[in-house]
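Trainee: Give me coordinates for this.
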Amino acid sequence: MENPSREEIKQILDRAKVIAIVGLSNNPERTSYQIAAALQHAGYEIIPVNPTIDEVFGIPALASLKELTRPVDIINVFRKNEFLPEVARDAAAVKADVFWCQLGLENEEAYEIAKNAGMTVIMDRCIKVEHALTR
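Mentor: Model prediction:
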């Protein structure tokens with residue numbers, strides 16, 4: 001499993017407009033909430049994906065990626081490693097460009113699923129940190 005170069009990550013973040021965040025919490029104490037808030041503040045449109053919440057930041061949450069009705073640029077994942085293959089299959093089905101797993105998350109099967117579906121795959125990297133490093 002190999003991540004794109006920092007320059008490629010910068011290009012991904014520069015091109016991206018819409019980020020679906022799988023596992024986004026509506027609890028301000030949670031890392032996913034804090035990162036989503038920072039991304040929204042940086043100008044990205046956020047789509048929350050979490051079956052256990054109704055909304056985040058006033059944005060209705062989707063129960064799964066299968067409910068997406070429009071394209072997204074990045075699928076950013078905050079789920080445990082064992083759930084990553086299932087999320088990768090859902091991401092492949094909606095034809096996302098980038099499958100991005102947060103810091104501490106990596107899974108060989110999910111990597112292969114996403115890569116074989118033509119997605120750029122980033123694992124074990126924090127999107128907020130990468131955004132800050134490439135500005």
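
Trainee: What separation do you get for the residue most central in space within the chain and A92?
Mentor: Nearest to the geometric centre of the chain sits N76, at 0.7 Å (C-alpha atoms, centre = their mean). Applying C-beta to C-beta, to the nearest Å, the value for N76 to A92 is 16 Å. The C-beta positions use only the backbone N, C-alpha and C, and glycine is treated the same way.

Trainee: P51 contacts E67, correct?
Mentor: No. The pair P51 / E67 is not scored as a contact, 9.7 Å apart, by C-beta atoms under 8 Å.

Trainee: Could you check which of those two is surrounded by more residues?
Mentor: Taking neighbours as other C-beta atoms under 10 Å, P51 and E67 compare with E67 leading, 15 against 9.

Trainee: hey, what's the residue lying closest to that one once chain neighbours are set aside bridged with?
Mentor: Distances taken as C-beta to C-beta, 6 or more residues apart in numbering put V49 closest to E67, at 7.9 Å, once the chain neighbours are dropped. Applying DSSP bridges to V49 gives these bridge partners: V22, L62.

Trainee: ranges for the helices of the protein?
Mentor: Assigned by DSSP state H, the chain shows helices spanning 6-15, 31-41, 84-93, 108-116, 127-133.

Trainee: Could you tell me the average pLDDT over the last one, please?
Mentor: Average pLDDT, helix 127-133: 95.
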